[in-house]
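A.B. asks: with the input below, show me the fold.
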Amino acid sequence: MRTKFYTKAGDKGSTVMGKKTLAKDNDLFNVLGMCDQLNSWLGIIKATYGKKQSGTNTKVIEALQDMLFICMAEIAQAYFSDRQPRVKILNRHTAFLEETITGIDKRMPALKHFVAPGGTLIAAQFDYARTLARNLERAAVGLNRRRRVSTELMKFLNRLSSTLFALARFENYRSKCKERAPRYSV
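C.D. replies: Coordinates of the predicted model:
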């Protein structure tokens, strides 16, 4: 059987998930859409690396993408059931982010000022991914007020943007592209 991409039922501003019909602007879809958007952007970064440059950072990106799918599954399960989600972000996922940050930080000069986004193309893409992760975290905080999201998932989302910032810094460092401090007198 082929995948069915449409229902022919038209679009009335709602979506059926399982046995529930929800408005397309429901907070759940906002958070899931932000996860998807960030995941897609990570795919762009991975494609930018290309096959010649694939290595450690490509593996980190793939791990982040898989973890974002886990986030989506956990959030959807938590929204539709009062039972513990079967698929969820665990302490080891957050630890992976923290280890990635620590590993990069050990190789980098100390950060003494804010860093203007940009530098190399890949660093700029990681900077943009960081902003997407922050938006996702804020949306998850809002969803958490209405439907409990696990503490570990919230901790993970917080570390995710920090990981992406570290990856942006590392890309510039690796490419010998000097970080630029913002100028406050223009």
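A.B. asks: show me where pLDDT drops low in this protein?
C.D. replies: Within the chain, the stretches with pLDDT under 70 are 1, 5-11, 51-56.
A.B. asks: again, only using 80
C.D. replies: Applying pLDDT under 80 to the chain picks out residues 1-12, 15-20, 50-56, 81-85, 147-148, 186.
A.B. asks: that one: helices as residue ranges?
C.D. replies: 27-49, 56-80, 91-107, 121-146, 151-174 (DSSP state H).
A.B. asks: buried residues in the first one, which are they?
C.D. replies: Of the residues in helix 27-49, those buried under the neighbour-count criterion (16 or more other CB atoms under 10 Å) are 27-32, 34-35, 38-39, 41-42, 45-46, 49. C-betas here are computed from N, CA, C, even on glycine.
A.B. asks: ok, the longest one next?
C.D. replies: For helix 121-146, the buried set under the neighbour-count rule, 16+ other CB under 10 Å, comprises 122-130, 132-137, 139-140, 143-144.
A.B. asks: can I get the helices of the chain in CSV including distance to residue 4?
C.D. replies: Converted to CSV, those look like this (distance: least, CB to CB, whole Å):
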stretch, distance to residue 4
helix 27-49, 19
helix 56-80, 20
helix 91-107, 33
helix 121-146, 29
helix 151-174, 31
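A.B. asks: which stretch among these comes nearest residue 184?
C.D. replies: helix 121-146 (19.2 Å; CB to CB).
A.B. asks: report all helices and strands that that closest one contacts.
C.D. replies: Counting contacts by 3 or more CB pairs under 8 Å, 6 or more residues apart in numbering; DSSP states H and E, helix 121-146 is packed against helix 27-49, helix 56-80, helix 151-174.
A.B. asks: please consider this matter closed, and thank you.
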